[in-house]
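Student: Have a look at this prediction, sequence included:
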Amino acid sequence: MESQWVFNLLLVLQFVLLLALAFWAFRLSKRLKKFERSANEAELAQKKQVQVLASGSIGMGRRLVAIEKRLNMAVERQSEIISKEGSSVSYNRAMELLEMGASVDDLVSKCGLIRAEAELISLLKKEARRNPNSSQSY
């Protein structure tokens, strides 16, 4: 009888152990599902952040392209202004050289003017010398 009692006790212990193991496996599966849900939520949040960053980068790229175009236009305008100012500086230099007695050939070589421009400036300067009371200054 005692062996029957020991056998029943072992059987009950195995059943309790099996129940405990089943309960532990159930809790473990719940934790695993909870962890999986949180991992999926974190993944979705990261995907949203990447999308926001990507759209922000695209918008910033477009703004940079627009700014680059405006900068290029400003540089072109500045170059035009400098070239216009440069020509007036060379005309002023030509007038100074004529005051010092330079020839048309000197104006062409030293001021970068074409021959027709140098001859025109020379004629204007001669006319100004002849007519000192004129209201125009060259």
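Tutor: That came through fine.

Student: Tell me where the longest helix sits in the chain.
Tutor: For the chain, the helix that runs over the most residues, judged by DSSP state H, is helix 2-99.

Student: and that one, what's its mean pLDDT?
Tutor: For helix 2-99, the mean per-residue pLDDT is 90.

Student: Now do it: which elements does it pack against?
Tutor: Helices and strands touching helix 2-99, as assessed by 3 or more Cβ pairs under 8 Å, 6 or more residues apart in numbering; DSSP states H and E, comprise helix 104-111, helix 115-130. (C-beta placed from N, C-alpha, C; glycine too.)

Student: Just say which of those helices is most tucked in.
Tutor: The highest mean neighbour count among the helices and strands packed on helix 2-99 belongs to helix 104-111 (a mean of 17), with neighbours defined as mean count of other Cβ atoms under 10 Å.

Student: Just the CA atoms of that one, as PDB, please.
Tutor: What follows is helix 104-111 as a C-alpha-only set of coordinates in PDB (Å, rounded to 0.1, in the frame of the first residue of the first chain):
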ATOM      1  CA  VAL A 104      44.600 106.600 -79.700                       C
ATOM      2  CA  ASP A 105      47.000 103.600 -79.900                       C
ATOM      3  CA  ASP A 106      47.900 104.100 -76.300                       C
ATOM      4  CA  LEU A 107      44.200 104.000 -75.300                       C
ATOM      5  CA  VAL A 108      43.700 100.800 -77.300                       C
ATOM      6  CA  SER A 109      46.700  99.100 -75.700                       C
ATOM      7  CA  LYS A 110      46.400 100.400 -72.100                       C
ATOM      8  CA  CYS A 111      42.600 100.600 -71.600                       C
END
